[in-house]
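Engineer: sequence unknown, structure follows:
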């Protein structure tokens, strides 16, 4: 959730740079202070979740690149970006997890369990 202070700061000092497919909007300070780069920030389109920022915008937010990498064509082996699902309905639960029944197959092969 965006605070009132952030919205006021954005209206008074921010310039919109762009948006992403998740509905996040990215801003930069109109006039940065001398001796430091202009501040950059995001206003989330949905739930405030840092993992909802795609890599091309993450690089821009952290001053890794001067402009967002939105024009870069992804390589054929790259999967589409997905935010972190931990704690949600689509979270990965390995075999043996309590929410997956709490049982898993016994170890096989060259594994030997530690005994005190």
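Structural biologist: Arrived safely, thanks for sending. Keep in mind that this is a model prediction, so the values were computed, not measured. Numbering: from 1, shown residues only.

Engineer: Which single helix of the chain contains the most residues?
Structural biologist: Assignment by DSSP state H gives helix 4-13 as the longest helix of the chain.

Engineer: Tell me how far that helix lies from the chain's centre.
Structural biologist: In terms of Cα atoms, centre = their mean, to the nearest Å, the gap separating the centre of helix 4-13 from the centre of its chain is 22 Å.

Engineer: low pLDDT regions in this structure?
Structural biologist: Along the chain, segments meeting pLDDT under 70 span 107-108.

Engineer: on that earlier part again, which SSE is immediately downstream of the longest helix of the chain?
Structural biologist: Using DSSP states H and E, the next helix or strand after helix 4-13 towards the C-terminus is strand 14-19.

Engineer: Report the contact partners of residue 92.
Structural biologist: Residue 92 makes contact with residue 85, according to Cβ atoms under 8 Å, 6 or more residues apart in numbering. Just so you know, the C-beta spots here come from the backbone N, C-alpha and C atoms, and that holds for glycine as well.

Engineer: on that earlier part again, give me the contact list for the longest helix of the chain.
Structural biologist: Contacts of helix 4-13 from elsewhere in the structure, counted by Cβ under 8 Å, 6+ apart, are 27, 29-31, 41, 43.

Engineer: Kindly report the same for stretch 20-36.
Structural biologist: For stretch 20-36, contacts defined as Cβ under 8 Å, 6+ apart pick out 10, 13-19, 38-46, 52-54, 56-57, 60-61, 68, 70, 83.
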